[in-house]
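Chemist: Sequence isn't available, so here's the structure alone:
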């Protein structure tokens, strides 16, 4: 008997629900189209064909189901292991991490790999509380009914998928549940014969990201300290990397807690000063600096703009040293310009304009797209001048904003720089100054 669930777009797990008297001597049914998911009852009894608490499905049927799940796997789910390096640099969006389910190098059996892909499919298709709960029930069922005959033994990646699911809920209770699973994983990983469950850097990153998404950077730091303890205790796979530090800095930058700007830069300073003498602390890169600059770009704290300018100069200096990758790009300059614009002074606005011209000249000399400014940079400078006009006699600052708008007009129509075409934001920001 086959029960078909709602259509699925992800890498679906195929569950063949065969009765015990029909399982023997029958040719396995044909592979269903990838748009279908087949499941039996609730999530707690799911994936019996992969060996989870199954007493009625033969080993042959289990292998057929695993092969069916493999043939229907989406290629996009085969590379979920490395943390996504295309993280935002302005701190607007939660940073998500993906975990590897293509795990031959982890010594996993094919059945375990298919089980992890099935978990990944549920996490990808049923986001939120229900998906996280279903994935956790599947994992706990597999841990309770480990079937060595079929080779299905959950691994650390199995925990990673479930903790990642709770992290995407974005609530404090979900982050706490992810941490509870991490503690369970760590305890089981220290037991003889269950070393494959020991937490890795991706396991800790999932929980840190969960607390970051729920607005608890202080709890994220607590998890990182626990991570350092396990690494120092001998778990080489728990070594903190740059992504972990960037996530915690971003958690502080996105939070509403008082002193978030200072705490973000404190962690950055720790990375700069400690990386030379401590191999456990990675060097900060351009993304790390941009996260802190993004915090200053939105800050109303006095002196934030000056600190942003100082960080920009420090990035240039560090980039001259071997092994450092802190070259400022167009996003870096935009964040500093935005920070200067929040100061609402003519001096800061002029400094923002100078910084824009410096970036423009750098691009004209090198033709490097990494430092190419666009209309967003010009709009930020126009906005900086417009916000200061109320503090000046006459309309001097507004006239400066209009000059920048005219510069955009000339670059677009006379020099064919199409990325600097004035838009409605450009004109409305200039008009606001009057």
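Modeler: Arrived safely, thanks for sending. In this text, all values refer to a predicted model and were calculated from it rather than measured experimentally.
Chemist: Off-centre distance for stretch 292-309?
Modeler: 23 Å (Cα atoms, centre = their mean, to the nearest Å).
Chemist: buried stuff in that stretch?
Modeler: The neighbour-count check on stretch 292-309 (16 or more other Cβ atoms under 10 Å) flags 292-299, 304-305, 307-309 as buried. The C-beta positions use only the backbone N, C-alpha and C, and glycine is treated the same way.
Chemist: Return the subset of the residues you listed lying in helices.
Modeler: Members of the buried residues of stretch 292-309 lying in helices (criterion: DSSP state H): 292, 293, 294, 295, 296, 297, 304, 305, 307, 308, 309.
Chemist: what number of residues lie near residue 144?
Modeler: Using other Cβ atoms under 10 Å, residue 144 has 10 neighbouring residues.
Chemist: which of the ones in helices among the buried residues of stretch 292-309 lies closest to residue 173?
Modeler: Closest to residue 173 out of these is residue 295 (26.6 Å), distances taken as Cβ to Cβ.
Chemist: and the closest one, what is it in contact with?
Modeler: By Cβ atoms under 8 Å, 6 or more residues apart in numbering, the residues touching residue 295 are 91, 252, 253, 260, 261, 264.
Chemist: among those, who's most crowded?
Modeler: Highest neighbour count within the contacts of residue 295, by other Cβ under 10 Å: residue 264, with 28 neighbours.
Chemist: What separation is there between it and residue 154?
Modeler: According to Cβ to Cβ, to the nearest Å, residue 264 stands 37 Å off from residue 154.
Chemist: Let me have the ones in helices among the buried residues of stretch 292-309 in JSON lines, extended by pLDDT and distance to residue 204.
Modeler: JSON lines is the format used below for these (pLDDT from 0 to 100; distance: Cβ to Cβ, whole Å):
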{"residue": "292", "pLDDT": "96", "distance to residue 204": "22"}
{"residue": "293", "pLDDT": "97", "distance to residue 204": "26"}
{"residue": "294", "pLDDT": "95", "distance to residue 204": "24"}
{"residue": "295", "pLDDT": "94", "distance to residue 204": "23"}
{"residue": "296", "pLDDT": "95", "distance to residue 204": "28"}
{"residue": "297", "pLDDT": "94", "distance to residue 204": "29"}
{"residue": "304", "pLDDT": "93", "distance to residue 204": "31"}
{"residue": "305", "pLDDT": "94", "distance to residue 204": "35"}
{"residue": "307", "pLDDT": "95", "distance to residue 204": "30"}
{"residue": "308", "pLDDT": "96", "distance to residue 204": "30"}
{"residue": "309", "pLDDT": "96", "distance to residue 204": "34"}
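Chemist: Can you tell me which of the residues you listed is nearest residue 179?
Modeler: Nearest to residue 179 among these, counting by Cβ to Cβ, is residue 295 at 25.0 Å.
Chemist: Quick check: the gap between that closest one and residue 313.
Modeler: Using Cβ to Cβ, residue 295 is found at 18 Å from residue 313.
Chemist: just checking, what's the longest helix in the chain?
Modeler: Every helix in the chain considered (DSSP H), the longest is helix 346-366.
Chemist: Show me what the helix or strand just after it packs onto, helices and strands only.
Modeler: Using DSSP states H and E, the helix or strand that directly follows helix 346-366 along the chain is helix 375-386. Helix 375-386 is packed against helix 330-341, helix 346-366, helix 396-413, helix 424-432, with contacts defined by 3 or more Cβ pairs under 8 Å, 6 or more residues apart in numbering; DSSP states H and E.
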